[in-house]
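Student: what's the 3D shape of this:
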Amino acid sequence: MDPDKIMKQLRKGSRAIHRDLSFFFSGVIIIYAVSGLVLNHKKDFNSDYIIKLHEITLEGNFPKPKSDFTKEYVISLLEPLGEENNYTKHYFPAQGQMKVFIKGGSSLVVNTDNGHAVYESMKKRHIISAFNRLHYNPGRWWTVFSDVFVVSLILITITGIIMLRGPKGIWGRGGIELLAGIIVPLIFIFFF
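Tutor: Residues are numbered from 1 along each chain as shown. Model prediction:
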């Protein structure tokens, strides 16, 4: 068989595989790209939760013995925050200080001498945290799907390399770009 015909058929088949796998996996590529981006910056911000600190002053006279801080009394302190239905537990980490744990990870630390309190509000970032969950591999079936995805990325890459010929292909500009794309991660692996 003629080598030119073989290459022409190989390029034609590569286009179909490249196109179909690219469309099928484009959603996963976007999810992994967004998740990878935010995980790269986890030192700058928490991609799973929005965390805010609020300093407030609680009014009233607080009971002196710790035993008078009943569950019902502590829940009443959560009412101005709208967290009265989210009480988990409370304890006293130091003299004159009470910490209240709130469902979802929020907390309230109260100075029982003067009413000064710090409310730490934690709200889940639903979409980005779901993306991160996939990035961290949530289970066996996702592992299987991810393995298929990885093999498909390799096929997408190989078919992309094969598709173009001439000065834009592997023996021209494409080859230079491929080589640069290999060299850059190697520089980071060995020198940084």
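Student: Surely K99 forms part of a strand?
Tutor: Yes. Checked against DSSP: H, G, I helix; E, B strand; the rest coil, K99 lies within a strand.
Student: what pLDDT does N111 get?
Tutor: We note a pLDDT of 93 for N111 in this prediction.
Student: wait, isn't it in contact with A117?
Tutor: Yes. If you go by Cβ atoms under 8 Å, N111 and A117 touch, sitting 6.9 Å apart. Just so you know, the C-beta spots here come from the backbone N, C-alpha and C atoms, and that holds for glycine as well.
Student: More neighbours: the two, which one.
Tutor: Neighbours around N111 and A117, counted as other Cβ atoms under 10 Å, are more numerous at A117. The numbers are 20 against 16.
Student: Assign the residue nearest to the more buried one when sequence neighbours are not counted to helix, strand or coil.
Tutor: Nearest non-adjacent residue to A117, counting by Cβ to Cβ, 6 or more residues apart in numbering: V110, 4.4 Å away. Per three-state DSSP, the secondary structure class of V110 is strand.
Student: do the same with the one 4 residues further on
Tutor: Following three-state DSSP, we place N114 in the coil state.
Student: what's the spacing between it and P65?
Tutor: Distance, N114 to P65, using Cβ to Cβ, to the nearest Å: 18 Å.
Student: In terms of neighbours, single out the busier of the two.
Tutor: Ranked by neighbour count (other Cβ under 10 Å), N114 and P65 place N114 first, with 11 against 6.
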